[in-house]
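Novice: Next comes the sequence, and after it the predicted model I'd like to discuss.
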Amino acid sequence: MAARQLTSFKETPEGLLIKLSTDPEDQEDIQDIKDKYIEGKLGYFQAWGELNEVNFCNGYCEVRDEFKGLTEAPMITNGIIDEETTEEEFKSTKWWAFLDYQTRSELDELFDEGFVLFQKI
């Protein structure tokens with residue numbers, strides 16, 4: 001069975017807007033992930049990954065800690081950043097961060113509000 005697109009990613013002037021699907025067929029899957037996360041049956045990374053799997057397999061990538069620099073903020077790019085990334089690729093990549101990470105979880109905000117904004121950096 002193919003993964004369902006439970007979130008949409010939209011690049012805006014303010015940043016990367018991540019929205020939960022409003023498709024009635026997706027609501028049961030989203031609620032199941034949320035319930036398991038709240039109950040502690042799914043960890044943060046697994047819940048975040050399941051919600052965003054389709055987007056992370058189609059052009060967007062979470063930035064690993066060793067490539068972030070001076071922040072611990074969750075970050076997303078529109079390309080893969082790793083040991084093999086050239087300087088040219090690095091410079092042409094778009095970067096977004098959830099800068100409120102010290103006071104609020106982006107996953108909680110996504111569940112509570114139905115969307116979360118990663119600011120362009």
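Specialist: Thanks, I have it. The shown structure was predicted, so the numbers you read here are calculated from the model rather than taken from an experiment.

Novice: quick one: contacts of the lowest-mean-pLDDT helix or strand in the chain?
Specialist: One helix or strand of the chain scores below all others by mean pLDDT, DSSP states H and E: helix 87-92, with a mean of 79. Contact partners of helix 87-92, identified using CB atoms under 8 Å, 6 or more residues apart in numbering, comprise 79, 81. Every residue, glycine included, has its C-beta placed from N, CA and C.

Novice: In CSV, please show the C-alpha coordinates belonging to it.
Specialist: C-alpha atoms of helix 87-92 as CSV (Å, rounded to 0.1, in the frame of the first residue of the first chain):
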residue,chain,number,x,y,z
GLU,A,87,29.1,24.3,-2.2
GLU,A,88,27.0,25.2,-5.3
GLU,A,89,24.1,22.8,-4.2
PHE,A,90,24.4,24.2,-0.6
LYS,A,91,24.0,27.8,-1.8
SER,A,92,21.0,27.1,-4.1
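
Novice: Which SSE is immediately downstream of it?
Specialist: Sequence-wise, the next helix or strand downstream of helix 87-92 (DSSP states H and E) is strand 95-97.

Novice: Which other helices and strands does the helix or strand hosting Asp108 contact?
Specialist: Taking DSSP H and E as the definition, Asp108 sits inside helix 106-113. In terms of contacts (3 or more CB pairs under 8 Å, 6 or more residues apart in numbering; DSSP states H and E), helix 106-113 is packed against strand 15-20, helix 24-38, helix 44-56, strand 115-120.

Novice: Good, wrapping up.
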